[in-house]
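A.B. asks: Kindly generate the corresponding structure for this input.
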Amino acid sequence: MASQRLAHNVFFGLKDKSPAKVAELVAACHKYLNVQPGIAFFAAGPLCAELTREVNDRDWDVGLHLVFETKAAHDAYQDDATHNKFIDEQKSNWSKVRVFDSYV
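C.D. replies: Predicted coordinates for the structure are as follows:
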């Protein structure tokens, strides 16, 4: 599995769910979390409010989606200074953070 790509999906619940705070977190994701080496895919955005089927999990406000070339790239990202700066600047508005990692 070490040579497989690793998908890292993070779903943030916010204390302040205002459009401005959602946009702030999305912008911070783009500023700090798209710069580390080894990222094959990056996306961040708000919950799609139009999708309300019973199977849609709607208990979050901003989704972050990364695919790393390797697990080692993911592991380096976790300790990267810009990743830590993102956490320090944004965590005060997080009510809940859920992380889903899988090989892809």
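A.B. asks: Please count neighbours and contacts with C-alpha atoms only from this point.
C.D. replies: Will do.
A.B. asks: Would it be right to say that Phe11 lies in a strand?
C.D. replies: Yes. Counting by DSSP: H, G, I helix; E, B strand; the rest coil, one finds Phe11 located in a strand.
A.B. asks: how near is it to His65?
C.D. replies: Using Cα to Cα, to the nearest Å, Phe11 is found at 9 Å from His65.
A.B. asks: How about Asp75?
C.D. replies: Relative to His65, Asp75 is positioned 15 Å away (Cα to Cα).
A.B. asks: Pick out whichever of these two has more residues nearby.
C.D. replies: Higher neighbour count among Asp75 and His65: His65, with 16 against 11, using other Cα atoms under 10 Å.
A.B. asks: which non-adjacent residue is nearest that one?
C.D. replies: Asn9 (4.6 Å; Cα to Cα, 6 or more residues apart in numbering).
A.B. asks: Gly13 against Asp57, yeah?
C.D. replies: No. In this structure Gly13 lies outside contact range of Asp57 using Cα atoms under 8 Å: 11.9 Å.
A.B. asks: okay, the two: which has more neighbours?
C.D. replies: Counted by other Cα under 10 Å, Gly13 and Asp57 do not tie: Gly13 has more neighbours, with 20 against 10.
A.B. asks: Leaving out sequence neighbours, find the closest residue to that one.
C.D. replies: The shortest distance from Gly13 to any non-neighbouring residue, by Cα to Cα, 6+ apart, is to Trp60 (4.3 Å).
A.B. asks: could you say which helix or strand contains that neighbour?
C.D. replies: Under DSSP states H and E, no helix or strand contains Trp60.
A.B. asks: Can you show me the strands along this structure?
C.D. replies: Taking DSSP state E to define them, one finds strands in the chain at 6-14, 39-46, 62-68, 94-103.
A.B. asks: OK, contacts around the residue nearest in space to the middle of the chain?
C.D. replies: The chain has Leu64 as the residue nearest its centroid, 2.5 Å off, counting by Cα atoms, centre = their mean. Contacts for Leu64 (Cα atoms under 8 Å, 6 or more residues apart in numbering) come out as His8, Asn9, Val10, Phe11, Cys29, Phe42, Ala43, Ala44, Gly45.
A.B. asks: same question, Ser102
C.D. replies: Shown in contact with Ser102 (Cα under 8 Å, 6+ apart): Leu6, Ala7, His8.
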